[in-house]
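Asker: Need coordinates for the below:
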Amino acid sequence: MNTAATLWCSAAVGTLAGAGFLLPATVGTAAVLFVHLALRPLVRLIDAQAKVAQDVDMLYRIRVICQDQHEGVIRLILLRHVNSEPNSSLQGISTQDEEKPEQTSIVAEIHCSMRNDKFLNDLVSRISIEPSVTNVSWERVQ
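Answerer: Next comes the predicted model:
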């Protein structure tokens, strides 16, 4: 939002300057700069609070690379762990072929009604002990 608003304000200031309204263009430039500089501490405070907030909906993506013949086992582990965790649900799961022969990539999207990074770390730890798994990772999507 901040970038889009800045672009629109810059376009307006440019239009004013191009039309010969130098005083309004100068005032507009000063206003945009003031807002950016004056509100920066507030933005940092809001961002810091959002990073530690627990009661927000989260979407996680987990990616597992394993041998083709063990895809079913990995899917079962994902389903069991996600279904056993309160406030979480499996939103989607897909399989993609990998560049290496006989390897598959499983991508699962997990929705949690609260931030639950520990659950994802535990799930990744559980999956990583499977002998057929060569890579496993997770990320927050939203």
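
Asker: could you pull out the helices for this protein?
Answerer: Taking DSSP state H as the criterion, the chain carries its helices at 2-18, 22-52, 71-84, 117-128.

Asker: So for E109, which of those sits nearest?
Answerer: Comparing the helices of the chain by their distance to E109 (CB to CB), the top pick is helix 71-84, with 10.2 Å. Every C-beta, even on glycine, is put in place using the N, C-alpha and C of the backbone.

Asker: what's the angle between the closest one and helix 117-128?
Answerer: 160 degrees (axes from the mean of the first three to the mean of the last three CA atoms, to 10 degrees).

Asker: for the worst-scoring helix or strand of the chain on mean pLDDT, packing partners?
Answerer: Least confident helix or strand, the chain: helix 22-52 with a mean of 85, by mean pLDDT, DSSP states H and E. Helices and strands touching helix 22-52, by 3 or more CB pairs under 8 Å, 6 or more residues apart in numbering; DSSP states H and E, are helix 2-18.

Asker: Other residues contacting the helix it packs on?
Answerer: 22, 24-25, 28-29, 31-32, 36, 43 (CB atoms under 8 Å, 6 or more residues apart in numbering).

Asker: Just the buried ones out of those residues, please.
Answerer: Those of those that meet the buried threshold are 25, 28-29, 32, by 16 or more other CB atoms under 10 Å.

Asker: could the residues you listed go into TSV alongside distance to Q91?
Answerer: Output for the buried ones among the contacts of helix 2-18, formatted as TSV (distance: CB to CB, whole Å):
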residue	distance to Q91
A25	48
G28	44
T29	45
V32	40
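
Asker: now for these, which pair is the farthest apart?
Answerer: It's A25 and V32 that sit farthest apart of the buried ones among the contacts of helix 2-18, by CB to CB, at 10.7 Å.

Asker: From what I see, Q103 and V133 are in contact.
Answerer: No. Using CB atoms under 8 Å, Q103 makes no contact with V133, being 10.2 Å away.
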